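> The following comprises the amino acid sequence and a computationally predicted model.
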Amino acid sequence: MPSPAPETSAERDTEPTDFIGALRDVVFRTRGKTFWSYLSPAWTALTGYTVEESLGRNILDFVYPDDRAENSLRKQQLESGEIHSSRHVKRLLRQDGTFVWIEVDLRVLYDADGAFLGSVGTIRDISDRIALEDAIRHERELAAVTLMALSDGVLTLNAQRRIEFLNRAAADLLGLQRAADALDRPIEDVLTLESRELRTVLDAACAARQPRTLGDRCRLRREGADWSDVDLSLIPLSGAEDGAVIVLRDVREQRALQAKLSHQAHHDALTQTLNRAGMLDALRRAHAVFRRTGAPFSQILVDLDHFKLVNDHHGHAAGDEALRQVANALQNALRPGDHLARWGGEEFLCLLPHTGLEQATALAERIRSAVQSLELTHGHQPIALTISAGVSATSTDGKDTLEQVLQRADFALYEAKQAGRNCVWHERMAGLGVLDLVNQVQDALRVGRLGVVYQPIRSLTTGAHMGQQGFAHIDRADGVELSMARFMPALQQLHRAHWVDEQVIPRVLEDCQHSHPHGPLHGDCFVNLSADLLQRPARMHGLLEAFLRSDPSAAPLSRLVLELGQRPMLLDVATVRAALQPWLDAGARLALNQSGSGLSTLSYWTALPIHFLKIDANFLQRATTTPKARLILTGIVGMTKQLDCRTVAEQLDQVDPADQPALVEFAKAMDIDWVQDSSSAIARPLRSASA
């Protein structure tokens with residue numbers, strides 16, 4: 001095989017030059033200590049200087065002034081033989097006065113005797129890289145400053161769950177003097193959760209590659225300190241092999257504020273006992289346990305006797321102090337686990353879990369004695385305080401509702417006051433009077449032993465049947481019948497008359513709208529309306545809505561007449577109007593029961609659409625013998641005629657039977673329209689328990 005032809009001198013001279021000229025990096029050579037002896041064409045593109053004007057010049061002329069000292073030191077190291085090569089970064093001046101970042105890579109040249117000849121190397125433009133590094137460094141610095149400035153604690157962990165970084169807030173939460181003290185330590189050595197194993201939760205979050213927030217009550221152990229409340233979030237960086245970030249939020253103040261607000265929401269500001277809302281929560285819990293397990297509970301309802309006199313005679317400041325002292329006395333008399341609440345103005349309610357009636361009554365007596373023994377003064381004047389207490393307990397059959405237990409305590413308190421105050425009364429004491437009567441009514445209503453008796457209403461002139469009025473009656477368990485006149489005053493005393501209204505009104509509506517096995521009801525259907533129901537407009541409106549839903553064809557209720565007696569007419573007219581308005585809109589009409597002169601009801605006449613006026617037979621009889629009463633009756637009847645209102649004489653059965661015929665004739669002479677006949681009342685069947 002023939003040997004290759006030897007290279008010519010031209011080939012040796014041109015090819016390297018062409019190759020170097022194509023490079024983007026500058027190839028250089030220096031002569032002696034400080035002069036350029038060769039620069040490749042890329043020099044001009046890099047600096048703006050031509051190669052010709054740059055050769056032979058001192059290389060320091062092209063170095064940025066701030067970098068010349070370091071450049072000179074490196075040259076000395078190269079020239080002295082301390083180092084034989086160098087790769088370094090510096091700034092190079094451009095012809096336009098700007099500078100460019102360069103990376104220099106050079107080797108020292110020596111002669112055969114080892115003397116320094118100069119250097120040879122390359123210059124690379126790294127301005128873009130420097131700018132990128134500056135941007136990255138800036139972002140890192142910004143991130144680091146941001147992390148350090150955060151009020152939340154931030155820790156980063158490597159794949160081995162060791163701490164790589166933590167900010168100042170995290171160090172403070174962990175109780176560390178220096179953040180560096182935690183670096184490279186296992187996370188469980190620094191952070192311990194009270195509620196669970198941190199590593200288990202952390203591994204699960206990283207394995208699932210899902211952030212995890214510990215929403216329950218988390219705490220961390222500060223070295224040598226107490227537990228601190230924190231919320232903790234775990235964020236995997238990518239997967240289990242890439243570590244994670246932990247964010248700690250100090251919630252000590254937040255939880256302290258929440259606890260304070262919760263306390264304020266459930267406690268009375270004056271006495272620091274539970275308030276009504278707080279006690280209702282405790283009652284619901286006790287009742288739920290009672291229904292689930294049969295565990296009994298009792299209640300003591302306490303009322304300060306004649307407390308208004310304390311405020312009137314000594315001032316409200318003294319009254320407030322008296323309430324605080326009474327609350328302290330009650331709390332000291334109760335047992336651990338019992339609950340005390342300020343139930344109303346001067347009423348307190350004690351809840352006694354797992355306590356029967358006998359034990360609760362003994363405790364109530366201890367409370368009564370403790371309050372009576374208080375030595376209170378105001379301005380050197382003694383303040384005598386006593387309490388009345390009503391006690392109730394859950395029944396053994398486990399069927400009591402919470403409302404029923406509360407009502408029985410209320411009834412017992414009423415009886416304690418009726419018995420003379422400064423005493424304890426419980427629901428099973430003999431001779432309960434009003435309380436016993438109300439309990440009988442409540443029991444009868446619960447099992448459906450309610451009946452309605454209708455008294456016919458007839459025209460005085462023709463005798464025609466014009467309507468009827470419904471009255472409630474109940475049968476006790478022993479078969480004894482109680483009339484409305486017997487039990488209604490007791491219900492009114494305890495503000496429970498609405499119990500009867502809520503059953504009688506729907507019954508009358510149903511009988512009035514539909515035929516009945518005992519015969520249809522003709523004409524207008526009157527029914528009494530108590531003050532207790534009028535003061536509960538939501539219940540009144542609910543009765544109407546329920547009836548209209550059950551029988552949409554019943555509207556308008558043109559035959560229904562709602563009768564207002566003396567107690568309702570003591571209420572504010574606007575309150576009554578608001579409660580009645582939906583009924584009036586549906587077609588119901590109003591009657592006033594007037595047993596006096598009528599002056600107290602003038603506001604009702606002007607504010608309400610009155611269609612009927614009831615006149616008591618006793619007043620009629622008085623008008624037969626007393627000119628003044630007759631004059632008043634004449635005026636009332638005349639007014640009703642002008643207002644297109646009918647008059648109805650009632651309760652004639654309360655007059656001596658021998659006087660009744662004459663009284664009927666007198667009523668006719670006075671131009672009274674109708675008469676209500678109680679002698680021929682029609683009893684409707686009792687309601688069944690399922691009705």
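Yep, it's here.

> and residue 543, how many neighbours?
19 (other Cβ atoms under 10 Å). Yep, even glycine has a C-beta here, placed from its N, CA and C like the rest.

> Contacts only, for it.
502, 505, 506 (Cβ atoms under 8 Å, 6 or more residues apart in numbering).

> Just those: which are in helices?
Applying DSSP state H to these, the entries found in helices are 502, 505, 506.

> who wins for most neighbours among these?
residue 505 (22 neighbours).

> where's it relative to residue 438, distance?
Here residue 505 is placed at a distance of 20 Å from residue 438 (Cβ to Cβ, to the nearest Å).

> before we move on, what about residue 170?
For residue 170, the distance to residue 438 - Cβ to Cβ - is 66 Å.

> Looking at the two, which one has more neighbours?
Between residue 170 and residue 438, residue 170 has the larger neighbour count (other Cβ under 10 Å), namely 27 against 24.

> The more buried one is in what secondary structure piece?
Per DSSP states H and E: residue 170 is located in helix 168-174.

> need the next SSE after that helix, C-terminal direction.
Once helix 168-174 ends, the next helix or strand along the chain (criterion: DSSP H and E) is helix 187-190.

> Remind me what that following helix packs against, helices and strands.
Secondary-structure packing of helix 187-190 (3 or more Cβ pairs under 8 Å, 6 or more residues apart in numbering; DSSP states H and E): helix 198-208.

> quick one: contacts of the helix it packs on?
Outside helix 198-208, the residues that touch it by Cβ under 8 Å, 6+ apart are 157, 161, 187-188, 191-193, 211-212, 214, 234-236, 239-240, 244, 246.

> So among the residues you listed, which ones count as buried?
Buried by 16 or more other Cβ atoms under 10 Å: 157, 161, 187, 191, 193, 212, 214, 234-236, 240, 244, 246, out of the contacts of helix 198-208.

> Next step: these restricted to strands.
157, 212, 214, 234, 235, 236, 244, 246 (DSSP state E).

> Show me what counts as buried in the helix or strand hosting residue 624.
According to DSSP H and E, residue 624 maps onto helix 617-625. For helix 617-625, burial by neighbour count (16+ other Cβ under 10 Å) applies to 617, 619, 620, 621, 623, 624.

> just stretch 406-426 next, same as before
In stretch 406-426, counting by 16+ other Cβ under 10 Å, buried: 406-416, 422-426.

> least confident pick among these?
Within the buried residues of stretch 406-426, residue 415 has the lowest pLDDT, namely 81.

> Am I right that that residue is in contact with residue 425?
Yes - with contact defined as Cβ atoms under 8 Å, residue 415 reaches residue 425; the gap is 4.6 Å.

> and for the two, which residues touch both?
residue 390.

> Now name the helix or strand holding residue 641.
helix 627-642.

> Check which helices and strands that helix sits against.
Going by 3+ Cβ pairs under 8 Å, 6+ apart, helix 627-642 lies up against strand 610-616, helix 617-625, strand 646-650.

> what lines up beside the helix or strand hosting residue 466 in the sheet?
Following DSSP H and E, one finds residue 466 within strand 465-475. Strand 465-475 sits in its sheet next to strand 450-459 (antiparallel), strand 481-483 (antiparallel), strand 524-529 (parallel), going by DSSP bridges.
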